[in-house]
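# Task: produce atomic coordinates for the following.
(one chain, ligands or ions: 1)
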Amino acid sequence: MARINDNYLKLAAGYLFPEISRRVGAFQATNPDAQLIRLGIGDVVLPLPPTVVEAMHKAVDEMGTEAGFRGYGPENGYPFLREAIAETEYRSRGIEVADDEIFVSDGSKCDSGNIQEIFAADARIAVPDPVYPVYVDTNVMAGRSGAADASGAYEGIVYLEANEDNGFVPSPPKEAVDIVYLCFPNNPTGAVATLNGLSEWVEYAKRTGAILLFDAAYEAYITEDGIPHSIYEVPGAREVAIEFRSFSKSAGFTGTRCGYIVVPAELEGLSADGSKVPIQRLWNRRHATKFNGVSYPVQAGAAAALTEQGRAEVRERVDYYMANAEIIRSGLGGLGLTCFGGVNAPYVWAKTPAGLGSWDFFDRLLTDAHVVGTPGAGFGACGEGYFRLSAFGKRDQVEEAVERIRTRLPL
Ligand code: MLT
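Sure thing, here's the model as predicted:
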């Protein structure tokens, strides 16, 4: 009989969001009349921007003609999209990024899960705690950890505690690690890092030889001035960091699928014989071997989201969700709950009332208020005692959720 990858057996629980769906499904089966409001997984609800839809229609029409038909596209993305990204998202903001440093993909979940493949099997990994579970689970699958302890923390992974004292922005560890995952604006806490905070990380990486994997999937949600939108705003970051971006949460592409990573030409890693190897070369090789590119109509839609009109339509959507975040934040705050995030990120991170465990509060929220949230403990041991509500909902549903929490949960 074929041997399996035993590392999968180390995974402490099912992937967080399917696990939540399973629990919600079980509740719904016994309570078929309950009108659930889903503020768990951060999935957008507003339709695609009209400019994006128009560009996609046009691209589909082209594909139906002799002259406009396209077969396999370039694995790393069509030049028109790579250029639009590099120009609009970086160069026009004074950040040096070349078109060929952009690698278009089907989204940040896949990119942030796949990137570990190009690093050594025994690379030492550091992650913030709480953390987006993909970073941890994919490294466990690849064998870079031992077993999980009772809190769900894996032996061999360095956890960087993110708590109220450090504003949910951990500092570099004392020890040297090879790879550090950072996410700002943060999922799940909604925290943002300052330029000084990110500079500390870049200095750490330069000193120790670590590579930073900077997930900026929620960059569009930054509302306050002076908050860095890209790790490359820090001088020297091109030598130590890869950045992840996505059209999912900004242009509403969670179902359509398009994201990208930036791999600067200067970024290098060490081979077993001690020679320096450009990371871009490895990612290019990996992408070309395992990925056949995002479909042409989707890339045309993504490029349309970067036009002036597209950006205005994206902004309207982001503003809508951020108004939701404010309703959740002020609503829960008014009930005496301590809330974080929701200002530069579409997530509100709140303390559970009366010291309730995260999953206990998740159950009460579900059974008493018929509202689905996400238990903080699902993001790591330091998330215990917190829960996350997503601002990705229709306005009336978000208002109703807050009202139900007020009236149905004795806090
Ligand atoms: C979340 O809710 O944390 C995100 O939607 C998950 C994801 O983007 O994969």
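# is stretch 19-33 anywhere near the ligand?
No. Stretch 19-33 does not reach the ligand (Cβ under 6 Å from any ligand atom); its nearest approach is 9.5 Å. C-betas here are computed from N, CA, C, even on glycine.
# Show residues contacting that stretch.
Here stretch 19-33 makes contact (Cβ atoms under 8 Å, 6 or more residues apart in numbering) with 13-14, 34, 36, 38, 40-41, 362-363, 366-367, 370, 372, 374, 378.
# Ser230: neighbouring residues, count only.
21 (other Cβ atoms under 10 Å).
# Give me the distance between it and Gly107.
Between Ser230 and Gly107 the computed distance is 18 Å (Cβ to Cβ, to the nearest Å).
# Now do the end-to-end distance for stretch 102-116.
18 Å (Cα to Cα, to the nearest Å).
# typo on my end, it should be stretch 161-168
Using Cα to Cα, the end-to-end distance of stretch 161-168 comes to 8 Å.
# just to revisit the earlier point, buried subset of the contacts of stretch 19-33 as a ChimeraX selection?
For the buried members of the contacts of stretch 19-33, the matching ChimeraX selection, counting by 16 or more other Cβ atoms under 10 Å, is:
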select :36,38,40,362,366,370,372,374,378
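# Please enumerate the strands of the stretch 301-411 of the chain.
Using DSSP state E, counting those that start in this stretch, the strands of the stretch 301-411 of the chain run over 339-341, 347-351, 371-372, 374-375, 386-390.
# Can you tell me which residues in the stretch 251-400 of the chain are near the ligand?
Listed as neighbours of the ligand in the stretch 251-400 of the chain under the rule Cβ under 6 Å from any ligand atom: no residues.
# repeat for the stretch 51-200 of the chain
Lys109, Asn187.
# Could you check which residue of the stretch 51-200 of the chain lies nearest the ligand?
Distance from the ligand to each residue of the stretch 51-200 of the chain (Cβ to the nearest ligand atom) is smallest for Lys109, at 4.2 Å.
# OK, contacts around the residue lying closest to that residue once chain neighbours are set aside?
Distances taken as Cβ to Cβ, 6 or more residues apart in numbering place Val134 nearest to Lys109, at 5.7 Å, with adjacent residues excluded. Val134 sits next to Lys109, Ser112, Gly113 when contact means Cβ under 8 Å, 6+ apart.
# pretty sure the second one is touching Phe244, no?
Going back to what we said before, that points to Ser112. Yes. Using Cβ atoms under 8 Å, Ser112 makes contact with Phe244 at a distance of 5.6 Å.
# Between the two, which contacts overlap?
Common neighbours of Ser112 and Phe244 (criterion: Cβ under 8 Å, 6+ apart): Leu213, Asp215.
# need the contact list for Asp111.
With contact set as Cβ under 8 Å, 6+ apart, Asp111 has these partners: Ser105, Phe244, Gly259, Tyr260, Ile261.
# how about low-confidence regions in the stretch 101-250 of the chain?
Nowhere does the stretch 101-250 of the chain drop to pLDDT under 70.
# So which residues of it form strands?
Remark: strands assigned in the stretch 101-250 of the chain by DSSP E, counting those that start in this stretch are 102-105, 125-129, 158-161, 179-183, 211-215, 241-246.
# Is it possible to get JSON lines of those strands that adds distance to Asp396?
Formatted as JSON lines, those follow (distance: least, Cβ to Cβ, whole Å):
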{"stretch": "strand 102-105", "distance to Asp396": "35"}
{"stretch": "strand 125-129", "distance to Asp396": "34"}
{"stretch": "strand 158-161", "distance to Asp396": "38"}
{"stretch": "strand 179-183", "distance to Asp396": "30"}
{"stretch": "strand 211-215", "distance to Asp396": "31"}
{"stretch": "strand 241-246", "distance to Asp396": "27"}
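# got CSV for those strands, with mean neighbour count and distance to Pro346 too?
Listed next are these as CSV, based on neighbours: other Cβ atoms under 10 Å; distance: least, Cβ to Cβ, whole Å:
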stretch, mean neighbour count, distance to Pro346
strand 102-105, 24, 21
strand 125-129, 24, 18
strand 158-161, 18, 23
strand 179-183, 25, 13
strand 211-215, 25, 14
strand 241-246, 26, 13
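# Could I get the contacting residues of Phe69?
Counting by Cβ under 8 Å, 6+ apart, Phe69 touches Glu62, Met63.
# Could you tell me whether it really is in a strand?
No. Phe69 is assigned coil when assessed by DSSP: H, G, I helix; E, B strand; the rest coil, not a strand.
# State the number of residues packed around the residue nearest to Pro172 when sequence neighbours are not counted.
Excluding the flanking residues, the one nearest Pro172 by Cβ to Cβ, 6+ apart is Tyr204, at 3.7 Å. Number of residues near Tyr204 (other Cβ under 10 Å) recorded here: 18.
# wait, doesn't Tyr204 sit right on Lys174?
No. Assessed by Cβ under 8 Å, Tyr204 is found out of contact with Lys174, at 10.3 Å.
# residue boundaries of the helices in this protein?
7-10, 16-30, 50-63, 79-85, 108-114, 133-141, 195-208, 248-251, 279-290, 296-305, 308-334, 358-369, 395-408 (DSSP state H).
# From the contact counts, what lies against the third one?
This means helix 50-63. helix 296-305, helix 308-334 (3 or more Cβ pairs under 8 Å, 6 or more residues apart in numbering; DSSP states H and E).
# quick one: that helix to helix 308-334, angle?
140 degrees (axes from the mean of the first three to the mean of the last three Cα atoms, to 10 degrees).
# pLDDT (mean, whole number) over helix 50-63?
Mean pLDDT, helix 50-63: 98.
# Go ahead and name everything in contact with that helix.
47-48, 68-70, 251-252, 296-305, 307, 309-310, 313.
# Return the nearest residue of the stretch 301-411 of the chain with respect to the ligand.
Taking Cβ to the nearest ligand atom, the stretch 301-411 of the chain has Ser390 as its residue nearest the ligand, at 6.1 Å.
# Same list, the contacts of Val134, but as JSON lines with neighbour count please.
Shown next, in JSON lines, are the contacts of Val134 (neighbours: other Cβ atoms under 10 Å):
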{"residue": "Lys109", "neighbour count": "20"}
{"residue": "Ser112", "neighbour count": "23"}
{"residue": "Gly113", "neighbour count": "17"}
